[in-house]
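J.: Structure for the following, please:
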Amino acid sequence: MNVTSLPSSATPYARAAGASSSPPAVVQAEADGRYNSSTMVTLTYSAPDSEEHQALYERTMRHVSGPMLASDDSIRTIEDRLKKFQKNLSLARPDLAKSDWDVTIKDGKLKVTGDIDPDDKRYMEARLNSDQALVGAVGSYMRAAEVYLETSEDNPPYTAMNGDTGRSTLYNFKDVNKQLEGKVSFKELIATSWAAYDNPRGGPPSDPGNYRGGRSLEILASRLTSTPLE
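T.: Predicted structure coming up:
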């Protein structure tokens with residue numbers, strides 16, 4: 001048995017990988033203080049009871065670790081590029097910079113959302129889509145989200161505690177791209193992901209390390225519709 005303890009606010013996710021609703025990883029957390037940096041979350045990995053389960057466990061761990069790291073790199077780039085865009089917008093169009101805008105992706109293009117004049121949206125979208133670093137990072141993030149969330153042979157369905165909400169969640173997602181199309185608001189997603197590390201319960205801010213992307217994927221998981229287990 002391998003037991004690892006980490007500060008709960010720095011834990012990337014509390015989901016457990018497995019082939020069914022009884023996964024080989026059991027996660028224990030104190031729900032009332034899970035965002036307090038002084039609270040420890042204990043991840044207890046039970047030894048698989050067969051070679052088949054061992055192979056499945058190792059494959060699933062490899063499956064989730066790659067997109068978690070990719071999502072973290074991508075969402076950090078998205079945040080940096082949107083901050084730069086906002087700074088330039090403040091100089092060129094301070095009226096738009098003060099508006100409550102966000103950006104999503106639809107049909108492979110970045111789209112501006114919010115109560116903004118259609119001509120102004122087209123103005124902003126043209127500049128956002130000309131930023132190849134931003135467009136590439138959004139594409140990479142969405143691919144990572146699909147790999148992490150879509151049910152597949154390497155990512156079989158199971159039930160576990162969601163790393164953002166702390167509630168039991170059925171991880172059996174189909175048509176992830178379709179479900180997320182035009183519905184991922186990146187400024188809101190970034191703000192929500194980062195808020196967990198600000199310790200709203202009064203503790204000091206914590207360093208999330210490379211886990212902010214992983215938490216953002218758990219936020220998306222909490223917003224998707226699961227397919228019931230057969």
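
J.: Which strands and helices lie in contact with the lengthiest helix in the chain?
T.: As assigned by DSSP state H, the longest helix anywhere in the chain is helix 51-92. Here helix 51-92 touches helix 94-97, helix 118-129, helix 132-149, helix 186-195, helix 212-223, going by 3 or more Cβ pairs under 8 Å, 6 or more residues apart in numbering; DSSP states H and E. C-beta: built from backbone N, CA, C; applies to glycine.

J.: Switch the ones you listed over to TSV; also include distance to residue 205, mean neighbour count and mean pLDDT.
T.: Below are the helices and strands packed on helix 51-92 laid out as TSV (distance: least, Cβ to Cβ, whole Å; neighbours: other Cβ atoms under 10 Å; pLDDT from 0 to 100):
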stretch	distance to residue 205	mean neighbour count	mean pLDDT
helix 94-97	26	13	95
helix 118-129	30	15	98
helix 132-149	24	20	96
helix 186-195	10	18	94
helix 212-223	13	23	94
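
J.: okay if I get these as CSV plus distance to residue 166?
T.: Formatted as CSV, the helices and strands packed on helix 51-92 follow (distance: least, Cβ to Cβ, whole Å):
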stretch, distance to residue 166
helix 94-97, 36
helix 118-129, 34
helix 132-149, 18
helix 186-195, 14
helix 212-223, 10
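
J.: For the closest residue to residue 125 other than its chain neighbours, give the beta-bridge partners.
T.: Counting by Cβ to Cβ, 6 or more residues apart in numbering, residue 125 lies nearest to residue 112, which is 5.3 Å off, once chain neighbours are set aside. Beta bridges link residue 112 to residue 103 when assigned by DSSP bridges.

J.: Hmm, residue 112 is touching residue 100, no?
T.: No - at 11.1 Å, residue 112 does not count as touching residue 100 under the criterion of Cβ atoms under 8 Å.

J.: More neighbours: those two, which one.
T.: Between residue 112 and residue 100, residue 112 has the larger neighbour count (other Cβ atoms under 10 Å), namely 20 against 9.

J.: The longest helix of the chain vs helix 212-223, what angle?
T.: Angle between the axes of helix 51-92 and helix 212-223 is 100 degrees (criterion: axes from the mean of the first three to the mean of the last three Cα atoms, to 10 degrees).

J.: Give the rounded mean pLDDT of helix 51-92.
T.: Averaged across helix 51-92, pLDDT comes to 85.

J.: Over to stretch 162-175?
T.: The average of the pLDDT scores along stretch 162-175 is 93.

J.: Going by neighbour count, list what's buried in it.
T.: 162, 163, 164, 166, 169, 170, 171, 172, 173 (16 or more other Cβ atoms under 10 Å).

J.: Turn those into a markdown table, columns for distance to residue 213 and secondary structure.
T.: Putting these into a markdown table (distance: Cβ to Cβ, whole Å; DSSP: H, G, I helix; E, B strand; the rest coil) gives the following:
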| residue | distance to residue 213 | secondary structure |
| --- | --- | --- |
| 162 | 16 | coil |
| 163 | 12 | coil |
| 164 | 12 | coil |
| 166 | 19 | coil |
| 169 | 18 | strand |
| 170 | 22 | strand |
| 171 | 17 | strand |
| 172 | 22 | coil |
| 173 | 18 | strand |
